[in-house]
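Visitor: Sequence and computational prediction follow.
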Amino acid sequence: MKYISIKGLDKPVSALMKGTDYFYHDSYEKAAANLDAYLAIGGNSVDTAHIYCGGQSEEVIGRYMQERGNRDQLVILTKGAHHDQNGPRVSKKDIKHDITISFERLQTNYIDLYALHRDDPSVPAGEVIEALNEYIANGSVGAIGVSNWTWERIRDANDYAAANGLVGFSFSSPNLSLAKPNEPFWKGCVSADAETCAWHESEQFPLLSWSSQARGFFTGRFTPEIRDNADLVRVFYSDEN
């Protein structure tokens, strides 16, 4: 297994990260066996979120860690501040709401990697840094990052952090896969284009991709003639892909 380092953590992070947006209570034994097999091959990083499976994903992981007694073996990445039916929720109040619930569901007092699930460009990047640094300061979060933020917004946030003696973002989680999207899978999501990848490379800034397998686009289940999945057709069907 290959491992990387993320600033703010004192343990290695497996480059192969385990997605959990299909972890439900009614299939707990399958999820637990899946995690056992993942750990057996050297994996340790688990990706979840406040909204995954209506909260069941975090709850399943919390139960698993309690039953196995292996919290210290895992690097938990969870995300909050996703928008709702009323719009963006990137605020100190919403972050506190989501992370408090995530701690309860995960049955832990420490989150290794905490990311904001979506962005709201109308909120100054410095305000977000200020809010998240409270969790860094009290020791409940190891490293902070973002999902679906542009590299320019990350740069602005980290410039603010550096100028004000605060901790900046240590990682980013946009979409990145061999299949290049024609448009975002969901409105407001960010896919890493060539410029984004170049910035990550030049800054040596960890990129933790979501949907790295392009939702199974290259499994053989999809061909130019098979067009029964409207989302895959809309996002990934192109001559290049």
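Guide: Arrived safely, thanks for sending.

Visitor: Give the buried residues for the helix ranked longest in the chain.
Guide: Scanning the chain for the helix with the most residues, using DSSP state H, yields helix 92-106. Applying a neighbour-count criterion of 16 or more other Cβ atoms under 10 Å, the buried positions in helix 92-106 are 94, 95, 98, 99, 102, 103, 105, 106. Any C-beta I mention is one placed from the backbone N, CA and C, and that applies to glycine too.

Visitor: With stretch 210-221 instead?
Guide: Under 16+ other Cβ under 10 Å, the buried positions of stretch 210-221 are 210, 211, 214, 215, 217.

Visitor: so the first one touches residue 146, yeah?
Guide: No: taking Cβ atoms under 8 Å as the definition, residue 210 is not a contact partner of residue 146, at 11.9 Å.

Visitor: which residues are in contact with both of those two?
Guide: Jointly contacting residue 210 and residue 146 under the rule Cβ atoms under 8 Å, 6 or more residues apart in numbering are residue 173.

Visitor: Where do the helices of this protein begin and end?
Guide: When secondary structure is read from DSSP H, the chain shows helices at 28-40, 56-68, 92-106, 125-137, 151-163, 194-203, 230-236.

Visitor: closest to residue 174 out of the ones you listed?
Guide: helix 194-203 (6.7 Å; Cβ to Cβ).

Visitor: which one of the buried residues of stretch 210-221 sits closest to residue 66?
Guide: Among the buried residues of stretch 210-221, and counting by Cβ to Cβ, the member closest to residue 66 is residue 210, at 26.5 Å.

Visitor: Quick check: that closest one vs residue 221, distance?
Guide: Distance from residue 210 to residue 221, counting by Cβ to Cβ, to the nearest Å: 20 Å.

Visitor: likewise residue 35?
Guide: When Cβ to Cβ is applied, the distance between residue 35 and residue 221 equals 25 Å.

Visitor: cool, residue 148 as well?
Guide: For residue 148, the distance to residue 221 - Cβ to Cβ - is 26 Å.

Visitor: For the residue nearest to residue 107 when sequence neighbours are not counted, list the residues it contacts.
Guide: Excluding its sequence neighbours, the residue lying closest to residue 107 (Cβ to Cβ, 6 or more residues apart in numbering) is residue 62, at 3.8 Å. Counting by Cβ under 8 Å, 6+ apart, residue 62 touches 105, 106, 107, 108.
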